[in-house]
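Visitor: sequence first, then the predicted structure:
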Amino acid sequence: MKKLSLISLHMFIFSVILSVLVSSPVYSQTILSDEIEYVYPSNKEKVFDETVDEFYQALRELKYPVHQEVYQRYKQKPKQQQRHLDTNLFKEMPDASVNIRRKLLFNEVEELNYIIFDGNIFHPYPDIDINYHLAVSPDRQVYFFYSFKDTEKEFRGRYAIYDVETKEMVASGNIYMPKSSAYSEL
């Protein structure tokens, strides 16, 4: 009888603690307000005359000071720490299966994911979820560059997203994914 009352007491204490934690504002789910202060706020109503191809050419020629700074920082690193410049300042892959250049709103980037099958599972690339990019407003104009090569044996890709107004890179990445040998035999 004593054990039964002790177990009941523990269950009561556990349920009280659990209800306090669940009702606590720290642990409860919060809803983001519409008034998020983005580092890159909405600018979808502004008109920018530069085309995506003109921007890509300016990027390759280091026309803007922000890109010249990136290039100078790259050159100051020791040789063993230098990553390939094409990932720091986007450059299309010369042997790419697909090259994409688009001027769009940041919330439209998710629609351009490519699905890769490595022989076991499917992977989206670039796997950009704008819900995790709270620095950039979904209604911000961006340049989206994407270059990839998808063969039976491997997938190579790189992407970059630049802000249309400031010309700064807001996201980028690259990937190399070998595909399983079972897939290449299919």
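Guide: It's in.

Visitor: burial measure for Y176, as a count.
Guide: 9 (other Cβ atoms under 10 Å). Any C-beta I mention is one placed from the backbone N, CA and C, and that applies to glycine too.

Visitor: domain parsing for the protein?
Guide: 1-30, 39-184 (automatic domain parsing).

Visitor: deepest of those, which one?
Guide: Greatest average neighbour count among these goes to domain 39-184 (a mean of 15), per mean count of other Cβ atoms under 10 Å.

Visitor: can you list contacts of stretch 167-183?
Guide: Contacts to stretch 167-183, defined as Cβ atoms under 8 Å, 6 or more residues apart in numbering, come from residues 40, 55, 64, 66-67, 70, 87, 90, 106, 116-120, 123, 125-126, 128, 133, 135-136, 142, 152-163.

Visitor: partners of I100 in the sheet?
Guide: Y146 (DSSP bridges).

Visitor: so what pLDDT did it get?
Guide: I100 is assigned a predicted lDDT (pLDDT) of 94.

Visitor: what does Y132 give?
Guide: 70.

Visitor: same question for the one 10 residues further on.
Guide: pLDDT, the model's per-residue confidence, is 96 for V142.

Visitor: which helix or which strand is home to it?
Guide: strand 141-150 (DSSP states H and E).

Visitor: give the pairing partners of whichever helix or strand comes after that strand; include direction for each.
Guide: Downstream of strand 141-150, the first helix or strand assigned by DSSP H and E is strand 154-163. When sheet partners are counted by DSSP bridges, strand 154-163 sits next to strand 141-150 (antiparallel), strand 169-178 (antiparallel).

Visitor: output the ones you listed in JSON lines; the columns should cover distance to Y74.
Guide: Listed next are those as JSON lines, based on distance: least, Cβ to Cβ, whole Å:
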{"stretch": "strand 141-150", "distance to Y74": "18"}
{"stretch": "strand 169-178", "distance to Y74": "13"}
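
Visitor: doesn't I116 lie inside a strand?
Guide: Yes: counting by DSSP: H, G, I helix; E, B strand; the rest coil, I116 is part of a strand.

Visitor: so what's it up against?
Guide: Applying Cβ under 8 Å, 6+ apart, the residues contacting I116 are F122, H123, P124, Y125, D150, F155, M177.

Visitor: quickly list what it is bridged to.
Guide: H123.

Visitor: which residues does L104 contact?
Guide: So L104 contacts Q141, V142, F144 (Cβ under 8 Å, 6+ apart).

Visitor: what's the spacing between the residue nearest to A135 when sequence neighbours are not counted and F48?
Guide: In space, and not counting its chain neighbours, A135 is closest to V39: 4.2 Å by Cβ to Cβ, 6 or more residues apart in numbering. To F48, V39 is 18 Å away according to Cβ to Cβ, to the nearest Å.

Visitor: got it, and A135?
Guide: Separation of A135 from F48 (Cβ to Cβ): 20 Å.
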